[in-house]
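> Got a predicted structure here, sequence first:
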Amino acid sequence: MTDTPDARSAAPGLLLRDAALPGREGRYDVLVEDGTVRAVLPAGESSPAAAEVRDLGGRFLLPGLWDNHVHFSQWTTQRQRLDLGGTTSAAEVLQLVREALAAPEAGGSGPSAPTPLVGYGFRDGLWPDEPGVAELDAVSGDHPVVLISGDLHCGWLNTAASQLMQAQPDDSGLVREDAWFPAMERLQNGTALSTADYRAAAEAAARRGVVGVVEFENTDNITAWPQRVDEGVDQLRVEVSVWPDKLQDALARGVKSGDPLDERGLVTMGPLKVIVDGSLNTRTAWCWDPYPGMDPSHRHACGVEAVPIAELESLMRTARDGGLTAAIHAIGDRANTAVLDTFESLGMTGAVEHAQLLRESDIPRFAQLGLTASVQPEHAMDDRDVADRFWEGRTDRAFALKTLEESGAVLRLGSDAPVAPLDPWVSLAAAVTRSRDGREPWHPEQRISSRSALAASTRGRVEVSAGDVADLAVVDADPLDPALLTDGGAQLRTMPVAATLVGGRFTFEAL
């Protein structure tokens with residue numbers, strides 16, 4: 001998208017005094033007028049007239065950060081759900097459900113149906129036991145319980161919830177992929193989120209230096225986000241996607257990728273989003289090789305082709321001809337091959353979302369085809385153990401950020417929130433260190449530099465320059481300083497942010 005200043009930007013003449021710039025010596029005064037950086041001058045050498053002055057006290061000024069893959073409503077809702085993120089077995093999850101249902105606020109069955117208990121964040125790929133409907137029924141009775149996996153690709157439902165959501169578990173006890181997504185969408189649409197909820201989530205993002213997100217929620221984003229902005233959720237720029245079931249409606253409206261959707265220019269039209277395969281933890285990522293322990297003759301031994309490639313090609317062609325780019329979810333190496341083939345056959349631009357496992361021969365094709373690799377580095381930290389088990393012998397080409405970069409691919413970092421936190425510093429640290437929680441780096445040869453990670457989080461801009469849109473972040477330390485990596489990247493993960501500006505307007509300030 002092309003960034004444009006917010007029509008309600010700060011009064012002309014905001015002077016950001018005594019700023020440091022990443023990787024550069026000296027201090028600078030930065031003049032912002034009408035939402036644009038007008039001048040970057042050596043500190044104290046001139047005193048431009050300014051209606052407002054902020055002394056940065058030597059803090060570092062950098063381009064504002066983007067999260068290039070979020071599910072914003074689910075991220076907002078996740079803050080209200082039972083947290084299953086730290087569980088390591090089905091038994092632990094069942095105990096948390098038992099305790100939650102025993103709490104007074106859980107409510108009983110009464111004359112009306114009880115509100116479902118919803119949990120989020122379990123990852124069953126390495127559990128010593130298995131989820132099951134009977135076991136969940138035993139601790140929940142007739143109170144509906146919906147437990148969502150950390151990768152969003154499956155749900156663990158009790159009988160009451162299965163009936164309520166019209167979603168039946170398979171032999172594994174879980175509802176997966178195509179059977180799960182409509183149920184999750186109904187659940188999300190039935191969750192009451194207020195403007196205050198969305199504003200709180202947007203403000204939390206702004207406190208981490210975020211100026212924009214790419215929204216991949218499966219809903220009517222074209223209508224919803226301009227309404228939210230009008231209601232005061234105006235802390236972020238939002239590039240919205242459209243899913244296949246809403247593609248024709250988007251085309252009927254005549255919107256094209258990059259078009260502004262609100263009067264202030266905060267919301268713009270983004271890409272068509274299509275999910276081609278599943279996920280690693282759910283063992284549904286579509287791969288060339290079967291998953292360990294799976295019967296090679298089983299139709300899902302290598303994962304799931306969620307959308308037939310012929311259908312994908314038809315959807316992408318329709319989007320292309322209507323002026324939309326595409327962002328295609330592909331995690332397994334076979335899915336990535338098929339998606340790259342489809343982009344090539346259509347001569348189309350866009351992004352491959354996730355690109356987690358790649359054949360070596362496919363890696364150069366991103367640059368050759370002019371495609372963006374939209375990646376989520378924190379997923380590598382979440383999935384390193386399950387990848388070592390289910391992608392054994394192939395992890396040298398999993399989350400292959402350095403190899404992609406060296407091949408000439410454009411990288412964009414994101415979180416996939418709520419799968420990982422909506423916090424670009426978490427993604428940056430994971431990309432630069434390939435480490436978390438004091439563990440040894442996982443495939444350290446795939447680390448990228450701090451400069452590359454910052455550029456992949458700011459849409460290519462590392463330094464603030466005259467003429468830039470004034471989407472800015474003020475932080476306490478130089479993100480390019482190697483000293484931030486001496487503790488495994490913990491300082492980079494927790495980077496203190498002092499201010500964030502969108503179009504020259506403060507969306508967060510603690511100066």
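Yes, it's here.
> before we move on, what SS does the nearest residue to residue 220 once chain neighbours are set aside have?
Among residues not flanking residue 220 along the chain, residue 246 sits closest, at 6.5 Å (CB to CB, 6 or more residues apart in numbering). Using the backbone N, CA and C atoms, a C-beta is placed for each residue, glycine as well. Following DSSP: H, G, I helix; E, B strand; the rest coil, residue 246 is assigned to helix.
> Show me the helices in the stretch 401-511 of the chain, by range?
Under the criterion DSSP state H, counting those that start in this stretch, the stretch 401-511 of the chain contains helices at 401-406, 424-433, 450-457, 490-493.
> Work out the gap between the shortest one and the centre of the chain.
Relative to the mean C-alpha coordinate of its chain, helix 490-493 is positioned 19 Å out (CA atoms, centre = their mean, to the nearest Å).
> Ok, the third one next?
Computed by CA atoms, centre = their mean, the separation of helix 450-457 from the middle of its chain amounts to 16 Å.
> relative to helix 424-433, how tilted is that helix?
For helix 450-457 against helix 424-433, the angle by axes from the mean of the first three to the mean of the last three CA atoms, to 10 degrees is 140 degrees.
> avg pLDDT for helix 450-457?
Per-residue pLDDT values over helix 450-457 give a mean of 98.
> per-residue confidence at the residue nearest the centre of the chain?
In the chain, the centroid-proximal residue (CA atoms, centre = their mean) is residue 416; its distance is 2.5 Å. Here the pLDDT value assigned to residue 416 is 98.
> That one contacts residue 377, doesn't it?
No: the pair residue 416 / residue 377 is not scored as a contact, 10.6 Å apart, by CB atoms under 8 Å.
> where along the stretch 201-350 of the chain do the strands fall?
210-215, 237-242, 267-275, 326-330, 350-354 (DSSP state E, counting those that start in this stretch).
> which residues sit against the fourth one?
Contact partners of strand 326-330, identified using CB atoms under 8 Å, 6 or more residues apart in numbering, comprise 214, 216, 241, 270-277, 286, 312, 316, 319-320, 336, 338-339, 342-343, 348, 350-355, 374.
> Report the inter-axis angle for that strand versus strand 210-215.
Relative orientation of strand 326-330 and strand 210-215, computed by the same axes, to 10 degrees: 80 degrees.
> Parallel or antiparallel, list what pairs with strand 326-330.
Take DSSP bridges as the rule and strand 326-330 pairs in its sheet with strand 267-275 (parallel), strand 350-354 (parallel).
> In the stretch 1-150 of the chain, where is pLDDT below threshold?
For the stretch 1-150 of the chain, the stretches with pLDDT under 70 are 1-12, 46-48, 105-113.
> mind redoing it with 80?
Within the stretch 1-150 of the chain, the stretches with pLDDT under 80 are 1-12, 45-51, 79, 104-114.
> Helices of that one, start to end?
72-78, 90-102, 133-140.
> and these, which is most packed in?
For the helices of the stretch 1-150 of the chain, the largest average neighbour count (mean count of other CB atoms under 10 Å) is found in helix 72-78, namely a mean of 23.
> who's in contact with it?
Here helix 72-78 has contacts from 120-121, 152, 188, 191, 193, 197-198, 200-201, 213, 215, 217, 219, 238, 417-418, 422, using CB under 8 Å, 6+ apart.
> now swap in stretch 177-188 and tell me
So stretch 177-188 is contacted by 73-74, 77, 116, 118, 146, 148, 152-155, 157, 165-168, 170, 174-175, 217-219, 275, 278, 282, 284, 304, 306 (CB under 8 Å, 6+ apart).
> same thing with stretch 195-208?
By CB under 8 Å, 6+ apart, the surrounding residues in contact with stretch 195-208 are 65, 67, 72, 75-76, 79, 213, 228, 231-236, 422-425, 497, 500, 502, 507-508.
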